[in-house]
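>>> Need the 3D shape of this:
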Amino acid sequence: MAADEEIVRVRNVHKYFTRGSERVDVLQDLSLNVPEGEFLALMGPSGSGKTTLLNLIAGLDVPSEGEIWVGNDRISAMSESQLATWRTRNVGFIFQFYHLLPVLTAYENVELPLLLLPLSSADRKQRVMTALELVELSSRLHHRPGQLSGGQQQRVGIARAIVTDPTLIVADEPTGDLDSRSADEILKLLATLQHELQKTIIMVTHDPKAAERASRTLHLEKGRLVVDTRAPQLK
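Prediction:
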């Protein structure tokens with residue numbers, strides 16, 4: 001896929017839930033493009049639909065109406081089992097509260113996604129070591145989460161997200177549980193992943209300072225796109 005080509009295409013997406021006889025619209029007729037290699041921030045008040053949009057793009061949910069494409073895959077048409085397989089190969093997740101398994105070491109937590117792929121132990125080791133080196137945690141291989149600071153735990157989470165070399169990295173409030181210094185380090189690391197590895201990153205954040213690190217910021221309000229700074233034209 002050529003540089004600047006859209007890696008994510010969202011077309012006329014609606015997402016709604018029903019509560020009894022009431023329909024609750026979360027996203028309404030939303031369309032956007034995300035070029036390959038972009039670092040996109042999603043902002044908006046609570047209930048605006050930004051996390052729902054992130055989950056749809058990551059294949060954790062499906063739209064009520066409309067289409068979502070990631071690369072050449074129309075993920076909005078996939079079954080749950082197809083989405084599970086697709087996510088394993090194509091999406092790296094970074095969470096606010098890290099979601100590391102406390103009984104596993106940093107190495108073992110990063111290795112987990114690779115256990116779902118047909119790789120030899122030698123290949124897994126090489127990938128894990130490369131990912132931990134990228135986040136500057138090679139010296140913490142055998143430390144468990146409880147022995148690491150919050151910033152270090154999030155670095156393990158980022159290593160786990162990139163170890164499969166995913167098409168897309170999605171981050172849900174990745175600095176929300178960190179002090180300002182650790183948050184700044186994590187944001188610098190995400191920017192490095194974009195610039196040096198050409199990773200496509202979509203981040204939900206409430207923090208304007210975090211959003212400033214992104215290439216573009218998309219604002220949602222009541223399920224609609226209200227500001228899309230430097231937005232690529234829809235095709």
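
>>> now residue 73: how far from residue 22?
Distance, residue 73 to residue 22, using C-beta to C-beta, to the nearest Å: 33 Å. No exception for glycine: its C-beta is placed from N, CA and C like everyone else's.

>>> Out of those two, name the residue with the larger neighbour count.
Between residue 73 and residue 22, counted using other C-beta atoms under 10 Å, residue 73 has the larger neighbour count: 16 against 7.

>>> How confident was the prediction at the closest residue to the more buried one other than its chain neighbours?
Spatial nearest neighbour of residue 73, excluding adjacent residues (C-beta to C-beta, 6 or more residues apart in numbering): residue 86 at 6.4 Å. pLDDT recorded at residue 86 is 96.

>>> For residue 86, the count of nearby residues, please.
Other residues near residue 86 number 17, with proximity taken as other C-beta under 10 Å.

>>> again, but for residue 140
Using other C-beta under 10 Å, residue 140 is surrounded by 18 other residues.

>>> next one: the one 10 residues further on
Other residues within reach of residue 150 by the criterion other C-beta under 10 Å amount to 17.

>>> was I right about it contacting residue 181?
No - Residue 150 is not in contact with residue 181 according to C-beta atoms under 8 Å; the separation is 10.6 Å.

>>> What distance do you get for residue 202 to residue 122?
Computed as C-beta to C-beta, the residue 202 to residue 122 distance reads 32 Å.

>>> between these two, who's got more neighbours?
The neighbour count for residue 202 versus residue 122, taken as other C-beta under 10 Å, is higher for residue 202 (25 against 8).

>>> How about the contacts made by the spatially closest residue to residue 101 that is not a sequence neighbour?
Spatial nearest neighbour of residue 101, chain neighbours left out: residue 109 (5.9 Å); criterion: C-beta to C-beta, 6+ apart. Residues in contact with residue 109 (C-beta atoms under 8 Å, 6 or more residues apart in numbering) are 100-101, 145, 156, 160.

>>> so which pair among these is furthest apart in space?
Within the contacts of residue 109, two members stand farthest from each other by C-beta to C-beta: 145 and 160, at 11.5 Å.

>>> I am finished for the moment; much appreciated.
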